[in-house]
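Novice: return a 3D structure for these sequence lines:
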Amino acid sequence: MQKRIVFAIIGLAALVGIVSAQGFAPMMGRGGYPYAAPAAPAVKTLEGKLQIVDGVAALVVKDVTYILHFPGFFRTAYVEEIKVGATIKVEGSEYPAPAGQTRPIFAATKLTVGSKTFDLATQFQGRGAYGAMPYGGAMGGRGGRGGRW
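Specialist: The predicted structure follows:
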């Protein structure tokens, strides 16, 4: 009879330990957010003068200066001979200014200069930190070992 009580206490203690080891925070596994993810910003179109502010491309629209963010801007500007002061039209999403900054960010997906339009969303697709490497990666992009595995 006493063996049953001892085994029951040990089993109960093990059950309490297993239950208390479980996480109770909502969605805390696999990189989930414990809150709803913010909604994607609305797509908008801006037109203004191209400027260089603190070494980065900026768009001046009336009294607001937006920092332009899109891949390969300086290369595109060099190849297409886009000059500072040119009137450009960009389509994309506006984001608030980062902490410690005063200028909002404008992530452009389409750029129009004069009659030329550049689709920036697809122009640099598949190019990561290593640039334009074949098959999309430093190791060949086919399994991480040059395609042998």
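
Novice: only C-alpha atoms for contact and neighbour calcs from this point on.
Specialist: Will do.

Novice: any low-confidence regions in this protein?
Specialist: 19, 21-39, 121-149 (pLDDT under 70).

Novice: the protein: strands as residue ranges?
Specialist: In the chain, the segments counted as strands under DSSP state E are 43-53, 56-61, 64-69, 87-95, 105-113, 116-119.

Novice: wait, which of these is closest to Val6?
Specialist: Closest of the strands of the chain to Val6 is strand 87-95, at 62.7 Å (criterion: Cα to Cα).

Novice: the closest one vs strand 64-69, what angle?
Specialist: 80 degrees (axes from the mean of the first three to the mean of the last three Cα atoms, to 10 degrees).

Novice: which helices and strands does strand 87-95 pack with?
Specialist: Contacts defined by 3 or more Cα pairs under 8 Å, 6 or more residues apart in numbering; DSSP states H and E place strand 87-95 against strand 43-53, strand 105-113.

Novice: ranking those strands by burial, who's on top?
Specialist: strand 105-113 (a mean of 19; mean count of other Cα atoms under 10 Å).

Novice: what's next to that strand, contact-wise?
Specialist: Contact with strand 105-113 is made by 66-70, 82, 86-97, 117-121, as judged by Cα atoms under 8 Å, 6 or more residues apart in numbering.

Novice: okay, now the sheet partners of that strand, with direction.
Specialist: Sheet pairing of strand 105-113 (DSSP bridges) gives strand 64-69 (parallel), strand 87-95 (antiparallel), strand 116-119 (antiparallel).

Novice: could I get the ones you listed as a markdown table with distance to Lys49 and mean neighbour count?
Specialist: Below are the strands paired with strand 105-113 laid out as a markdown table (distance: least, Cα to Cα, whole Å; neighbours: other Cα atoms under 10 Å):
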| stretch | distance to Lys49 | mean neighbour count |
| --- | --- | --- |
| strand 64-69 | 10 | 20 |
| strand 87-95 | 5 | 19 |
| strand 116-119 | 16 | 12 |
